[in-house]
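[1] I'll drop the sequence and a predicted model, then ask my questions.
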Amino acid sequence: MATDTLTRSPLEGDASRPNVYRNLIDGEWLESTTGQTFENLNPADTRDVIGIFQKSGKADVEAAVEAAKRAFAKWRLVPAPRRAEIVFRAAELLLEQKDVFARDMTREMGKVLAETRGDVQEAADTAYYMAGEGRRLFGPTTPSELPNKFAMAVRNPVGVCGMITPWNFPMAIPSWKLLPAIVCGNTCVIKPAEDTPLSTFNLVRVLMDAGLPKGVINIVTGFGPEAGAPIVENPNVDAVSFTGSSEVGRMVGTAAAQNFKHCSLELGGKNPMIVLDDANLDLAIEGGIWGGFGTTGQRCTATSRIIIQKGIYHKFVDRFVERAQKLRVGNGLDEKTEMGPAINREQMDRDLSYMEIGQREGAKLKCGGHRLDKGDYQYGYFVEPTVFVDVDPKMRIAQEEIFGPVVAIIPCDGLEDAMEIANDTRYGLSTSLYTKDVNKAFAAMRDLHAGITYINAPTIGAEVHLPFGGVNQTGNGHREGGVGAIDFYTQWKAVYVDYSDRLQRAQIDRAE
Ligand code: UN1
């Protein structure tokens, strides 16, 4: 790239003090105009301060948007294959530093190392996929209705894209948004979740090391009301992409609509896994444990309901509960740990409150239900893997997104009944069916009302080149991943070239 690049670094201080991270605006690392900062703490041990980050406000967002707007004038003219080469190089750099970034992420987010390595891998996978898109970005050519006239549609970038990202996939989800956006020629302002900003810094620094020009990606850290809302409301932001709760998503969508912005919302889930009598029971149990308790249940795709046919119900419940009780809960930096902490006190309290709600509603608590706060646990936000059985599908624990390690087990009569229960939700992200009957599998692929259906696998584990998103209140119809992301970050322009040398009126001058 001929343009300016920056290599390092937002860091300050010495080894005994936490690093101070500044906002990234127009290639400069800047303190917030508010003069305020916040601490990024390890949820497994809150004595561990990962870094000090800027508590930004509207003026910082405005400066970042201005920078992105200036950068857009040049960046949109860089040929897409050249833009994509930077993204390809970033993929290589991400994989070289996978272990370092995974450790940073486990420290700030809490999920176990195997999973944070997966999160970095998911960002690299997205980078490789989107790098390839730089040489595609296909648009159709099509015959004109008039002679000596050529017709085609080309993809143009949208402009400045604002992104607000969650803490549960602190590198993968920013990559789903940033990488297609920049390959398509857009520039970005991103506000990462206040719980996990470091992983976004790691991703963006890698892109800069790979040659990304200044101003193409700007980072503003802080909290939703002060640093997120001004992104959505800024009239110079042309598109907004948000992943988070349905509650906040509704506010983002409403605000974006005021200025007719493109708006992609990726929201909640209450994902069901159905297990029929003929299923491979061992496989279904392993799948349910991974889907329900992986990432401490903190995925929008988490398996939060398991719907089981009566013939195997008791056998499944006994063995599932036995496995859940044996899960090793602890600090994710320990390779033996299977389930880390909740992200913060608020989320832990939410988990604990649903453990009580389930009992008050009359569901049977089979295991878990408490905070873990003795010994090494005392400095973190740990809760027990929790299983409720004999859950009525109308109960709150079967309807509301908890975002924690709480699984509701519901009995059913057969596939029809199971699908009715599965579809009875305000959400519709991911669904799963365990069976060996191919006819039933195909009926479920058609009739489970959701954006994703797995057969003989749990509800988590989407791959980056397929569409990711859901129906109902899970979103507003857009998809991330794959070509859906390209659709969101481009807008079509229809181009007509008349080489007849005479006026030809469409719909009026009809060629013989
Ligand atoms: C999320 O939970 O917000 O499919 C994303 C999965 C992951 C992505 C989850 N690849 O579970």
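    That came through, no problem. Numbering: from 1, shown residues only.

[2] backbone phi and psi for residue 328, please?
    phi -90, psi 110 (degrees, to the nearest 10).

[3] Contact partners for it?
    Contacts for residue 328 (C-beta atoms under 8 Å, 6 or more residues apart in numbering) come out as 336-339. Where C-beta positions appear, they are placed from N, C-alpha and C, glycine not excepted.

[4] Selecting buried members of the residues you listed in PyMOL, what would you type?
    In PyMOL syntax, the buried subset of these is picked out as below (16 or more other C-beta atoms under 10 Å):
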select buried, resi 337+338+339
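
[5] residues from this protein in reach of the ligand?
    122, 168-169, 299-301, 460-462 (C-beta under 6 Å from any ligand atom).

[6] Mind doing that once more with 5 Å?
    Where the chain comes near the ligand, counting by C-beta under 5 Å from any ligand atom, the residues are 299-301, 460, 462.

[7] which one of those residues is nearest residue 95?
    Of all the residues of the chain next to the ligand, residue 462 has the smallest distance to residue 95: 20.0 Å, by C-beta to C-beta.

[8] From what I see, residue 387 and residue 364 are in contact.
    No - with contacts counted by C-beta atoms under 8 Å, residue 387 stays clear of residue 364, the gap being 9.2 Å.

[9] ranges for the helices of the stretch 51-200 of the chain?
    Per DSSP state H, counting those that start in this stretch, the stretch 51-200 of the chain carries helices over the ranges 58-75, 80-96, 98-109, 113-133, 172-183, 197-209.

[10] Dump those helices to JSON lines, plus mean pLDDT and mean neighbour count.
    As requested, the helices of the stretch 51-200 of the chain are exported to JSON lines (pLDDT from 0 to 100; neighbours: other C-beta atoms under 10 Å):
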{"stretch": "helix 58-75", "mean pLDDT": "98", "mean neighbour count": "21"}
{"stretch": "helix 80-96", "mean pLDDT": "98", "mean neighbour count": "20"}
{"stretch": "helix 98-109", "mean pLDDT": "98", "mean neighbour count": "22"}
{"stretch": "helix 113-133", "mean pLDDT": "98", "mean neighbour count": "22"}
{"stretch": "helix 172-183", "mean pLDDT": "98", "mean neighbour count": "28"}
{"stretch": "helix 197-209", "mean pLDDT": "98", "mean neighbour count": "24"}
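
[11] Could you work out the most separated pair of the contacts of residue 328?
    336 and 339 (11.3 Å).

[12] so how far is the ligand from residue 181?
    Distance of residue 181 to the ligand, given as C-beta to the nearest ligand atom, to the nearest Å: 18 Å.

[13] Verify the stated contact: that residue with residue 480.
    No - in this structure, residue 181 is not within contact of residue 480 by C-beta under 8 Å, at 11.1 Å.

[14] Pull up the overlap in contacts between those two.
    With C-beta under 8 Å, 6+ apart as the test, residue 181 and residue 480 both reach residue 241.

[15] so where's the stretch 401-512 of the chain uncertain?
    511-512 (pLDDT under 70).

[16] how about the helices in the stretch 301-450 of the chain?
    313-326, 345-361, 396-399, 415-423, 438-447.

[17] Need the ones you listed in JSON lines (columns: mean neighbour count).
    Below are the helices of the stretch 301-450 of the chain laid out as JSON lines (neighbours: other C-beta atoms under 10 Å):
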{"stretch": "helix 313-326", "mean neighbour count": "17"}
{"stretch": "helix 345-361", "mean neighbour count": "17"}
{"stretch": "helix 396-399", "mean neighbour count": "19"}
{"stretch": "helix 415-423", "mean neighbour count": "20"}
{"stretch": "helix 438-447", "mean neighbour count": "14"}
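
[18] Please tabulate those in TSV, including the columns distance to residue 368.
    Below are the helices of the stretch 301-450 of the chain laid out as TSV (distance: least, C-beta to C-beta, whole Å):
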stretch	distance to residue 368
helix 313-326	7
helix 345-361	7
helix 396-399	12
helix 415-423	23
helix 438-447	29
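
[19] Indicate which one of the ones you listed is closest to residue 381.
    Taking those one by one with C-beta to C-beta, helix 345-361 is closest: 4.0 Å.

[20] and the residue positioned nearest the centre of the chain, what does it touch?
    The geometric centre of the chain, computed from its C-alpha atoms, lies nearest to residue 173 (C-alpha atoms, centre = their mean), at 3.9 Å. Neighbouring residues of residue 173 by C-beta under 8 Å, 6+ apart: 165-166, 243.

[21] Stretch 366-377 spans what distance, first to last residue?
    For stretch 366-377, the first-to-last residue distance is 22 Å (C-alpha to C-alpha, to the nearest Å).

[22] Can you name the residues in contact with that stretch?
    45, 317, 321, 324-325, 329-331, 348, 352, 355, 359, 382-389, 405-406, 409.

[23] Around the closest residue to the ligand within the stretch 301-450 of the chain, count how many other residues there are.
    Nearest to the ligand in the stretch 301-450 of the chain, going by C-beta to the nearest ligand atom, is residue 301, at a distance of 3.9 Å. Using other C-beta atoms under 10 Å, residue 301 has 25 other residues around it.

[24] Show me the one of the helices of the stretch 51-200 of the chain that comes nearest residue 233.
    Of the helices of the stretch 51-200 of the chain, the one closest to residue 233 (C-beta to C-beta) turns out to be helix 58-75, at 8.8 Å.

[25] Check the offset of the closest one from the chain's centre.
    Distance, stretch centre to chain centre, for helix 58-75: 24 Å (C-alpha atoms, centre = their mean, to the nearest Å).

[26] now stretch 53-63
    23 Å.

[27] Contact partners for residue 344?
    43, 195, 381.

[28] Mind doing that once more with 6 Å?
    By C-beta atoms under 6 Å, 6 or more residues apart in numbering, residue 344 lies in contact with residue 195.

[29] Residue 80 versus that one, what's the distance?
    Note on residue 344: its distance to residue 80, by C-beta to C-beta, to the nearest Å, is 40 Å.

[30] Repeat that for residue 392.
    53 Å.

[31] Over to residue 472: give its phi and psi.
    Torsion angles, degrees, to the nearest 10, at residue 472: phi 50, psi -140.

[32] tally of neighbours for the residue of the stretch 51-200 of the chain at minimum distance from the ligand?
    Nearest to the ligand, among the residues of the stretch 51-200 of the chain, is residue 169, at 5.0 Å (C-beta to the nearest ligand atom). When neighbours are counted by other C-beta under 10 Å, residue 169 registers 28.
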